[in-house]
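Undergrad: no FASTA, just this:
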């Protein structure tokens, strides 16, 4: 119930007037309530004139059920799919997010179309042919929707190719990628802002404030640069067609070097939220080496007096108050060295050559000890096997 209320409050100028939990039948049936419950709900809704819409917290309502409820109650009836999609629409910032939302709207439009044409058929007008074309109104509308779906898919494929190119360029630069994931409104953006010092990030206290994958550079204790990706938040019972539409966005996680799972430990449903996030990651077929090395972070400990994590291998932090971030950075660095196979080396370089400048550009330089009598320096670096191979080939090391 709290999550359903939170969804409504996410939308500007929307507020909850009344709420009730009622036992239901299968949502696909024409009537999801028994006769007595339906009558009681009808009287309750009509008795509150300030109600302008009813949110049914089920994934999808059938067109017949939706129409029957709207006729009986005299207000718009919304299901979970419709509300979440509207939140997505309000929060879309990039072209890719807007295209994904348009694609996710297609099933809703098809459903509405069937509903409207069912009404026309009852009036004898839905199956008539149009201007001698040999197509019924239903066939024309379905064809137009299919054409729109194909155009949206083509536009998204074009953007995904660009995303793939950008990902390849990041891999060429050999920068580790850390995907920050978690339930919506758990504090992912606040955490990335604290880890990177990126003042351009503006966290918002609402569900689905982030719909696009954004990338932000930050430094670890060794001065190694990593890229933190801020991903779309999760939600329990997120309609599967919305997951399908945004799966391309989440596919960036598959290509990351490490996953940091952020939990709002102050939320009463925190454990269930964890289960939901892990289920979605498994559904995305995240590689086992990523799943086995997830760093779990318990955020918002400033809201719980004297909080101590009881689950093993977890870190307690407050991203807002910046408590526990040094330990988190150290844990991330340790995991990155393990998962990427980067080496910590001490290399002797000739100060009259381009070796030192090359290392500053292509590796993470931790320490430089100058040996003036030799015109050389011992340089402690972190570098990948590929970079080490290029260095040896370039400087015949």
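TA: That came through fine. Computed from a predicted structure; not experimentally measured.

Undergrad: Residue 367 reaches residue 382, doesn't it?
TA: No. Taking contacts as Cβ atoms under 8 Å, residue 367 lies outside contact range of residue 382: 10.8 Å. Yep, even glycine has a C-beta here, placed from its N, CA and C like the rest.

Undergrad: More neighbours: the two, which one.
TA: residue 382 (21 against 12; other Cβ atoms under 10 Å).

Undergrad: Assign that one to helix, strand or coil.
TA: Counting by DSSP: H, G, I helix; E, B strand; the rest coil, the backbone at residue 382 sits in strand.

Undergrad: Looking at per-residue confidence, what score does the closest residue in space to it that isn't next to it in sequence get?
TA: Closest residue in space to residue 382, ignoring its immediate chain neighbours: residue 364 at 4.2 Å, by Cβ to Cβ, 6 or more residues apart in numbering. At residue 364, the predicted lDDT confidence score is 86.

Undergrad: Give me the number of neighbouring residues for residue 364.
TA: 20.

Undergrad: ok, now residue 150?
TA: Residues near residue 150, counting by other Cβ under 10 Å, number 10.

Undergrad: Find the helix or strand that it is a member of.
TA: Assigned by DSSP states H and E, residue 150 belongs to helix 137-172.

Undergrad: what does residue 218 give?
TA: Per DSSP H and E, residue 218 falls inside strand 214-219.

Undergrad: For that strand, which strands pair with it and how are they oriented?
TA: As defined by DSSP bridges, the strand partners of strand 214-219 come to strand 225-230 (antiparallel).

Undergrad: mind checking how far the strand it pairs with is from the chain centre?
TA: In terms of Cα atoms, centre = their mean, to the nearest Å, the centre of strand 225-230 is set 15 Å apart from its chain centre.

Undergrad: go on, stretch 352-360?
TA: 41 Å.

Undergrad: Likewise for stretch 370-381?
TA: 47 Å.

Undergrad: cool, and stretch 369-384?
TA: 43 Å.

Undergrad: Now do that stretch: everything it contacts.
TA: Stretch 369-384 is contacted by residues 174, 222, 224, 337, 340-352, 356, 359, 362-368, 391 when judged by Cβ atoms under 8 Å, 6 or more residues apart in numbering.

Undergrad: Which of those fall in strands?
TA: 343-350, 364-368 (DSSP state E).

Undergrad: Between these, which sits nearest residue 303?
TA: Closest approach to residue 303 among those (Cβ to Cβ): residue 364, at 35.8 Å.

Undergrad: Check the spacing between that closest one and residue 288 real quick.
TA: 27 Å (Cβ to Cβ, to the nearest Å).

Undergrad: Could you do residue 184 as well?
TA: 26 Å.

Undergrad: Same question for residue 310.
TA: Look at residue 310 and residue 288: by Cβ to Cβ, they are 26 Å apart.

Undergrad: Restricted to buried residues, select the contacts of stretch 369-384 in ChimeraX.
TA: Listed next is the ChimeraX selection for buried residues among these, using 16 or more other Cβ atoms under 10 Å:
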select :174,222,224,337,340,342,347,349,356,359,362,363,364,365,366,391
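
Undergrad: quick one, phi/psi of residue 260?
TA: Residue 260 adopts backbone torsions of phi -110, psi 120, taken as degrees, to the nearest 10.

Undergrad: So which bits of the one helix or strand residue 43 maps to are buried?
TA: Assigned by DSSP H and E, residue 43 falls within helix 35-46. In terms of neighbour count (16+ other Cβ under 10 Å), helix 35-46 has its buried residues at 37, 38, 41, 45.

Undergrad: List the contacts of that helix.
TA: Contact with helix 35-46 is made by 18, 20, 22, 23, 31, 33, 51, 54, 72, 73, 74, 75, as judged by Cβ under 8 Å, 6+ apart.

Undergrad: Mind checking what secondary structure the fourth one has?
TA: When classified by three-state DSSP, residue 23 comes out as coil.

Undergrad: Chain neighbours aside, what residue packs nearest to it?
TA: residue 37 (7.1 Å).

Undergrad: cool, and the first one?
TA: In space, residue 18 comes closest to residue 48 once its chain neighbours are excluded; the distance is 6.0 Å by Cβ to Cβ, 6+ apart.

Undergrad: residue ranges of the strands in the protein, please?
TA: Using DSSP E, the strands of the chain run over 53-55, 76-78, 177-182, 214-219, 225-230, 258-264, 295-299, 314-316, 343-350, 364-371, 376-383.

Undergrad: and the direction of the fourth one versus that of strand 364-371, what angle?
TA: Following axes from the mean of the first three to the mean of the last three Cα atoms, to 10 degrees, one obtains 20 degrees for the angle between strand 214-219 and strand 364-371.

Undergrad: Go through strand 214-219 and flag the buried ones.
TA: So, applying 16+ other Cβ under 10 Å, buried residues of strand 214-219: 214, 216, 218.

Undergrad: The last one and residue 254: what is the separation?
TA: Relative to residue 254, residue 218 is positioned 21 Å away (criterion: Cβ to Cβ).

Undergrad: Next: the second one.
TA: In this structure, residue 216 lies at 19 Å from residue 254, with Cβ to Cβ as the measure.

Undergrad: What backbone torsions are found at residue 319?
TA: Torsion angles, degrees, to the nearest 10, at residue 319: phi -60, psi -40.

Undergrad: For it, the count of nearby residues, please.
TA: 26.

Undergrad: Contact partners for it?
TA: 187, 190, 191, 193, 194, 262, 299, 300, 325.

Undergrad: and the gap between it and residue 331?
TA: 15 Å.

Undergrad: again with residue 303
TA: Taking Cβ to Cβ, one finds residue 303 at 22 Å from residue 331.

Undergrad: Those two: who's more crowded?
TA: Set residue 303 next to residue 331 and count neighbours by other Cβ under 10 Å: residue 331 wins out with 16 against 13.
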